[in-house]
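Novice: predicted structure and sequence below. I'll ask about it afterward.
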Amino acid sequence: MDSPSRWGQERLKERSLLMLKPEAVMRGLIGNIITRVENKGLNVTALKLLKLPREKAEALYAPHKGKAFYDDLIRHVLSGPVVAAVVEGPHAISHLRRMIGSTDPAESAVGTVRGDFGLILPKNVVHASDSAESAEREIGIFFEEDELVSYEKPTESMYLL
Ligand code: CMP
């Protein structure tokens, strides 16, 4: 039977797209970054490593088209493999945004992914969705709906939620 806390968890559940950029893959940081997500208590519900096709990179960064850094940004994310993940849980979007830190690694707090592993833009190690609308759009660029596998860890309801 559902407890009030489980009902609350369902109500607050969000999903976010997390992308580990080529520098994260090339520097061997995949495990460290995914471990942070798992340690936080969020669930990885889809995960793939891929070489981004140009049209997917352009779709992901369509909101930045026309900005001075756009061409460099596209060139950068096409420069090597990326890892795309769907991360799910209560307040997943805001938790992830705080865990990755400010856009500019020079301003990111120590303890965040960008603050710990980044130096300068555009090499800020990871991308994460900034809103529920962005998350749905961005997840659709990388994954088919049947590739997302939601689950509940047996200990969650007792020790986390
Ligand atoms: P991301 O979270 O992937 O979203 C857009 C990306 O553009 C951002 O991380 C940076 O990699 C890049 N970016 C944003 N602002 C700048 C900037 N001023 N100069 C260079 N790159 C930027």
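Specialist: Cool, the structure landed. Numbering: from 1, shown residues only.

Novice: secondary structure class for the residue nearest to the spatial centre of the chain?
Specialist: A centroid search over the chain (CA atoms, centre = their mean) returns L18, at 1.4 Å, as the residue closest to the centre. Three-state call for L18 (DSSP: H, G, I helix; E, B strand; the rest coil): strand.

Novice: and the nearest residue to it once chain neighbours are set aside, how many residues sit next to it?
Specialist: Nearest non-adjacent residue to L18, counting by CB to CB, 6 or more residues apart in numbering: A85, 4.6 Å away. Where you see a C-beta, it was placed from the backbone N, CA and C, and this is true even at glycine. Around A85 there are 27 other residues, counting by other CB atoms under 10 Å.

Novice: A85 against R36, yeah?
Specialist: No - here A85 does not reach R36: they are 11.7 Å apart, not a contact under CB atoms under 8 Å.

Novice: which residues does the residue nearest to the centre of the chain bridge with?
Specialist: As for beta bridges, L18 partners with A85, A128 under DSSP bridges.

Novice: so it versus R137, what's the distance?
Specialist: Noted for L18: a distance of 14 Å to R137, by CB to CB, to the nearest Å.

Novice: my read: the residue nearest to the centre of the chain touches H127, true?
Specialist: Yes - L18 is within contact range of H127, at 7.3 Å (criterion: CB under 8 Å).

Novice: wasn't D71 part of a helix?
Specialist: Yes - under three-state DSSP, D71 sits within a helix.

Novice: tell me the contacts of it?
Specialist: Contact analysis of D71 by CB atoms under 8 Å, 6 or more residues apart in numbering lists nothing.

Novice: that one and L29, how far apart?
Specialist: D71 is 25 Å from L29, where distance means CB to CB.

Novice: where does the prediction get shaky in the protein?
Specialist: 1-11 (pLDDT under 70).

Novice: what does this structure have sitting close to the ligand?
Specialist: 64, 69, 73, 103, 121-122, 124, 127 (CB under 6 Å from any ligand atom).

Novice: repeat that with 5 Å
Specialist: Neighbours of the ligand within the chain, by CB under 5 Å from any ligand atom: 69, 73, 121-122, 124, 127.

Novice: what segments of the protein are helices?
Specialist: Using DSSP state H, the helices of the chain run over 4-12, 22-26, 30-40, 54-60, 70-77, 92-100, 113-117, 132-142, 156-159.
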